[in-house]
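A.B. asks: no sequence on hand, only this structure:
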């Protein structure tokens, strides 16, 4: 069973990441919307796993088969993440610990804790949130990001520190988003995708709004009291590393957006309305993994190839290939072309990356 709210939010996440990456990598400008797409993408992976699990349980697939499929899917995504880093970001960046490796790790973890008490999952989320700053300090996060990007050595020490605390998306704290999505999905849909509990939805929405307000107040306090704070005090709103204010705010955002969008789109607005939006969102949502991979290839490979052709270093044109307006136009053109491409795949019944994952893992 598809939920238009999930399709819309996943499409929004993809669109945000496309715009941000085009602007950052082509123009060296980070849009204000940066940092809200990836958390929602991860959160929805947990919600989707809950729905997938409900579907398999309804079909009476035994627990052992579910566990094996989950593990294979998780390992597929982790392997795909490594391959993506090699082919798109060059072999030296194979252990960047990007979104795909995090979602794959999250799926493996969800396969292990799917029968765990909800309180244990919430406790795990709290530990991931609270321990992250201490682990980053222990690992000396700044030494890995001295050039403005994650730059580890090929050692086991850096491998594990990158995975745990200092990579682009290490499990501390990012793993809490898939876990949180799974827990909220279970509270919302139950274990058989029953009628949603509207009380839970309203409470989740209120909690999300409260967390966003708390993060806003914390950022404002740091801004207005900047003169009273030590010079070494960390920035209040950063994605790399994810500050406590940023993590709190994005947790609030995903809770508020998910519960509010589900209540509005799936429960209040009739299905016959917003037909075009639902159709576009479903298309992007079903192919979200392919879209994520494709948008990097489309805008980064030309940079690398053109630089080599011109006799320059591979990354010579990175962040300075064009101006901001051109980057925005290119991102919009890509999204339109992507929708047309996915529609063509459907008409021709051609597979995409999602089909490959199901064929190999299910």
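C.D. replies: Received the coordinates, thanks. Bear in mind the structure is a predicted one, so any value in this text is a computation, not a measurement. Numbers count the residues shown, from 1 in each chain.
A.B. asks: give the helix, strand or coil label for residue 131.
C.D. replies: helix (DSSP: H, G, I helix; E, B strand; the rest coil).
A.B. asks: and it, how far from residue 171?
C.D. replies: 11 Å (CB to CB, to the nearest Å). Just so you know, the C-beta spots here come from the backbone N, C-alpha and C atoms, and that holds for glycine as well.
A.B. asks: low-confidence regions, the stretch 51-200 of the chain specifically.
C.D. replies: 193-196 (pLDDT under 70).
A.B. asks: what ranges do the helices span in it?
C.D. replies: 63-89, 99-113, 118-139, 141-144, 156-161, 171-174, 176-189, 198-224 (DSSP state H, counting those that start in this stretch).
A.B. asks: give me the angle between the third one and helix 176-189.
C.D. replies: Orientation check (axes from the mean of the first three to the mean of the last three CA atoms, to 10 degrees): helix 118-139 against helix 176-189 gives 170 degrees.
A.B. asks: packing partners for helix 118-139?
C.D. replies: helix 99-113, helix 171-174, helix 176-189, helix 244-261 (3 or more CB pairs under 8 Å, 6 or more residues apart in numbering; DSSP states H and E).
A.B. asks: as JSON lines, those with mean neighbour count and distance to residue 205 would be great.
C.D. replies: Shown next, in JSON lines, are the helices and strands packed on helix 118-139 (neighbours: other CB atoms under 10 Å; distance: least, CB to CB, whole Å):
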{"stretch": "helix 99-113", "mean neighbour count": "22", "distance to residue 205": "24"}
{"stretch": "helix 171-174", "mean neighbour count": "23", "distance to residue 205": "22"}
{"stretch": "helix 176-189", "mean neighbour count": "24", "distance to residue 205": "11"}
{"stretch": "helix 244-261", "mean neighbour count": "22", "distance to residue 205": "4"}
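A.B. asks: may I see those helices organised as JSON lines, with distance to residue 140 added?
C.D. replies: Listed next are the helices and strands packed on helix 118-139 as JSON lines, based on distance: least, CB to CB, whole Å:
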{"stretch": "helix 99-113", "distance to residue 140": "21"}
{"stretch": "helix 171-174", "distance to residue 140": "15"}
{"stretch": "helix 176-189", "distance to residue 140": "23"}
{"stretch": "helix 244-261", "distance to residue 140": "19"}
